[in-house]
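1. I would like to see how this sequence folds:
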Amino acid sequence: MKAIWTILLLVTSNIFMTFAWYGHLKLQEMKISSNWPLIGVILFSWAIAFFEYCAQVPANRIGFNENGGPFNLMQLKVIQEVISLTVFTVIATLLFKGQALQWNHLVAFVLLILAVFFVFMK
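-> Residues are numbered from 1 along each chain as shown. As a prediction, the model looks like this:
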């Protein structure tokens, strides 16, 4: 059950992370934040990133094997990266219409899945 909670929290964290890191670009595209000063954009992103950390930190604590979780540190990191890129790809292709998924992106994802496979090998 800890593995499922860890993954769900990582997905949640990465949704917030993607919006914190790239959401301001969509707001700018929509002419909402075009006139915001850079510090305003940074503070806006930090406000969203707070919720990222509210999910990321518990995910790592719950999932880490030294805290009774099922994953070692390397496994946690690779899982997080795969989730991060998956969430980013879904959000980018849905919100940013000019960002099409191409064959080389799919190859990269296959390689990431292989990374997960290899990091879990004994």
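
2. For the residue located most distally from the centre of the chain, which three-state class applies?
-> Distance to the chain centre peaks in the chain at Asn35, reaching 27.5 Å (criterion: CA atoms, centre = their mean). Under DSSP: H, G, I helix; E, B strand; the rest coil, Asn35 falls in the coil class.

3. now Val57
-> Per three-state DSSP, Val57 ends up helix.

4. Check the residue farthest from the centre of the chain and give its pLDDT.
-> What the model reports as pLDDT for Asn35 is 92.

5. So which residues of this protein form helices?
-> Assigned by DSSP state H, the chain shows helices spanning 2-29, 38-63, 73-95, 103-119.

6. ranking the ones you listed by burial, who's on top?
-> helix 2-29 (a mean of 18; mean count of other CB atoms under 10 Å). For every residue, glycine as well, the C-beta is placed using N, CA and C.

7. Run the chain-centre distance for it.
-> 5 Å (CA atoms, centre = their mean, to the nearest Å).

8. From what I see, Gly23 and Ala49 are in contact.
-> No: contact criterion CB atoms under 8 Å: Gly23 and Ala49 do not qualify, at 10.4 Å.

9. that older thread, distance of the residue farthest from the centre of the chain relative to Leu27?
-> 11 Å (CB to CB, to the nearest Å).

10. Kindly report the same for Ala92.
-> Applying CB to CB to Ala92 and Leu27 gives a distance of 15 Å.

11. Phe50 now?
-> For Phe50 relative to Leu27 (CB to CB), the value is 18 Å.

12. Likewise for Ala55?
-> For Ala55 relative to Leu27 (CB to CB), the value is 22 Å.

13. Now do the contacts for the spatially closest residue to Phe51 that is not a sequence neighbour.
-> Distances taken as CB to CB, 6 or more residues apart in numbering place Phe16 nearest to Phe51, at 4.6 Å, with adjacent residues excluded. Taking CB atoms under 8 Å, 6 or more residues apart in numbering as the contact definition, Phe16 lies against 48-49, 51-52, 55.
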